[in-house]
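Trainee: Okay, predicted coordinates and the sequence, questions at the end:
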Amino acid sequence: MPSQLSTPVIWAHLTSYQDEQAASHILKCLTSQSRAPDFIRIVDNSPTPLNIDCKQLPVQIDHQPTNLGTAGAINRSITAATLQGVDYLWLLDQDSQPCSNLLAELLAAHQQLIESNRAPVGIVAPLTRNRDDAQINRPMRWDRYKPQKVCIGDLAINAELLPAAGMLLHIPSIAKIALPSDRYFLDCYDFALGLAVKDIGVYICAMPQLELSHQVSQKIKISTAEGEQLVTDMPPLRVELLHRNMTYLATRHSKGIYRVAAAINQGFKAFQHARRISRYNLEDRNSKSCAALSGWLKGLFALPKPRN
């Protein structure tokens, strides 16, 4: 394991897909960090390569035209960082907007946690704030058969269920994990990663004093009896992936009778989502409602390769 006293080697990972402007913006954010990463690894899932240029820092572009999704892209970068003996891998995507000192503060937070707790900490992460509605995505822990939100205070939060965007992975601490399947593709990969790290006895900590501005999913304004509301709107495939992956994760991670409880709970959530889609009269609502229920059914059995 690299010495804590030596200067750590930090890579940044970026998942990009058909958006040169967003990719260029995040690269500017990376080069302007007070502690810039030593190397940037971009997994470009676009059908044709994006024209991405960054002269300030070493960049490797790994073009994957078949589209590996977030899951496959991150897995490739974790594997590459492990093989190269890198100390840290910082996970971002093209929807992230890190402030200029975020990497330095995450690094300092990790080193302070190691020194004060004398326990292995594999991941430190900021809280993510949605750009659409300014809401914080609260960290969660696994509670028998479902995720449970935890309270946010002033101290580091031990919580294994966090968004991947903004995570700083300490590669030596997580080198022994079994990486989650590429077939997660997008949703819930980050939860599966956190649970895999927890399963080897390594901590995952959210730092409440640090934030990352992030676009989690598209939200639209709709008029309801209660007035205008911001509602998450996703295409049918994304709706199906969300419920398939969460159902698969919940039923595989729960033990004994709690697997049945997980299946029932996820089915109830899929049904609620389908009702909300119909209630809000979203575009293509029939396909989206069916996708929520079919995703739940598929997740009970397997993680088939998603349709791109």
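Mentor: Now that the structure is in, tell me what you want to look at. Not measured: the values here are computed from a predicted model.

Trainee: Buried residues of stretch 254-273, list them for me.
Mentor: 254, 258, 259, 261, 262, 263, 265, 266, 267, 269, 270, 273 (16 or more other CB atoms under 10 Å). In this view, the C-beta of every residue, glycine as well, is placed from N, C-alpha and C.

Trainee: tell me which element the last one falls in.
Mentor: So the one you mean is residue 273. Assigned by DSSP states H and E, residue 273 belongs to helix 258-279.

Trainee: Can I get that helix as CSV, trimmed to CA atoms?
Mentor: Only the C-alpha atoms of helix 258-279 are listed here, as CSV (Å, rounded to 0.1, in the frame of the first residue of the first chain):
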residue,chain,number,x,y,z
TYR,A,258,-36.1,-10.4,4.1
ARG,A,259,-35.7,-11.3,0.4
VAL,A,260,-39.4,-11.7,0.2
ALA,A,261,-39.9,-8.4,2.0
ALA,A,262,-37.5,-6.8,-0.5
ALA,A,263,-39.4,-8.2,-3.5
ILE,A,264,-42.8,-7.0,-2.1
ASN,A,265,-41.4,-3.5,-1.2
GLN,A,266,-39.8,-3.0,-4.6
GLY,A,267,-43.1,-4.1,-6.3
PHE,A,268,-45.0,-1.6,-4.2
LYS,A,269,-42.5,1.2,-5.3
ALA,A,270,-42.8,0.2,-8.9
PHE,A,271,-46.6,0.3,-8.7
GLN,A,272,-46.5,3.7,-6.9
HIS,A,273,-44.2,5.1,-9.7
ALA,A,274,-46.5,3.8,-12.4
ARG,A,275,-49.4,5.6,-10.7
ARG,A,276,-47.5,8.8,-10.4
ILE,A,277,-46.6,8.7,-14.1
SER,A,278,-50.3,8.2,-15.0
ARG,A,279,-51.4,10.9,-12.5
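
Trainee: packing partners for the helix or strand that that helix is followed by?
Mentor: Next in sequence after helix 258-279, counting helices and strands by DSSP H and E, comes helix 285-299. Helices and strands touching helix 285-299, as assessed by 3 or more CB pairs under 8 Å, 6 or more residues apart in numbering; DSSP states H and E, comprise helix 236-253, helix 258-279.

Trainee: Compute the inter-axis angle for helix 285-299 and helix 236-253.
Mentor: Interaxial angle of helix 285-299 relative to helix 236-253 (axes from the mean of the first three to the mean of the last three CA atoms, to 10 degrees): 30 degrees.

Trainee: what does helix 285-299 contact?
Mentor: The contact list for helix 285-299 (CB atoms under 8 Å, 6 or more residues apart in numbering) reads 234-237, 239-248, 251, 266-267, 269-271, 273-275, 277-278, 282, 304.

Trainee: That one: how far from the chain's middle?
Mentor: Centroid displacement of helix 285-299 relative to its chain, using CA atoms, centre = their mean, to the nearest Å, is 22 Å.

Trainee: Next: stretch 292-304.
Mentor: Centroid separation between stretch 292-304 and its chain, computed with CA atoms, centre = their mean, is 20 Å.

Trainee: and what of stretch 132-148?
Mentor: 12 Å.

Trainee: now do stretch 180-188
Mentor: Computed by CA atoms, centre = their mean, the chain-centroid distance of stretch 180-188 equals 10 Å.

Trainee: Let's see it as CSV, backbone CA atoms only.
Mentor: What follows is stretch 180-188 as a C-alpha-only set of coordinates in CSV (Å, rounded to 0.1, in the frame of the first residue of the first chain):
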residue,chain,number,x,y,z
PRO,A,180,-20.5,-5.0,-9.5
SER,A,181,-21.8,-6.3,-12.8
ASP,A,182,-21.5,-4.2,-15.9
ARG,A,183,-25.1,-5.1,-16.5
TYR,A,184,-26.3,-2.6,-13.9
PHE,A,185,-25.5,-0.2,-16.8
LEU,A,186,-26.6,2.9,-15.0
ASP,A,187,-28.9,3.0,-12.0
CYS,A,188,-27.9,1.4,-8.7
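
Trainee: coming back round to it: of all the helices and strands packed on helix 285-299, which one comes closest to residue 202?
Mentor: With CB to CB, the closest approach to residue 202 among the helices and strands packed on helix 285-299 belongs to helix 236-253: 16.4 Å.
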